[in-house]
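Colleague: I would like the atomic coordinates for the input below:
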Amino acid sequence: MLDAGVAIEQITFTSDAQGSLPAFNEFGEFTGLRIGRVNSLFGEVRDAVQTEGVPLHEALQTITSNPARVLKLKQKGRLQEGLDADLVMLNEDLSIDSVIANGQVMVREGEAVIKGTFEE
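Modeller: Okay, the predicted model is just below:
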């Protein structure tokens, strides 16, 4: 999209993380359900930076401020006093070190502290 001249402010990545993800075979026939992974968005951001050369701040915008603005989620998408305090801290290699969501530590030093309903 960037190569086609679309402004970064107009690009969003979103997902149904941990939601139902239909699976199909090579003939387009439904074969079952999988779980959409919460890490799929960040994997695409990391790929955009490491493989496509997109600046990190622009790649992050596609999963933070851009969707928050489009979806009118006024408490999300930016760092500002009084907002939800959602943060992802990265290591130099762009692996996730820590995650804070709504002010609560969810991942610390790469290990989940709080797990979802379907996680062990």
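
Colleague: ranges for the strands of this protein?
Modeller: Along the chain, counting by DSSP state E, strands occupy 20-24, 30-35, 87-90, 96-101, 104-108, 111-112.

Colleague: which strands and helices lie in contact with the top helix by length along the chain?
Modeller: Determined from DSSP state H, the single longest helix within the chain is helix 40-50. Packed against helix 40-50 by the contact rule (3 or more Cβ pairs under 8 Å, 6 or more residues apart in numbering; DSSP states H and E) you find helix 56-61. C-beta here means a position set from N, CA and C on the backbone, and glycine is covered the same way.

Colleague: try it again with 10 Å
Modeller: Using 3 or more Cβ pairs under 10 Å, 6 or more residues apart in numbering; DSSP states H and E, the elements in contact with helix 40-50 are helix 56-61, strand 87-90, strand 96-101.

Colleague: out of the ones you listed, which is closest to residue 111?
Modeller: Taking Cβ to Cβ, strand 96-101 is the member of those nearest to residue 111, at 9.5 Å.
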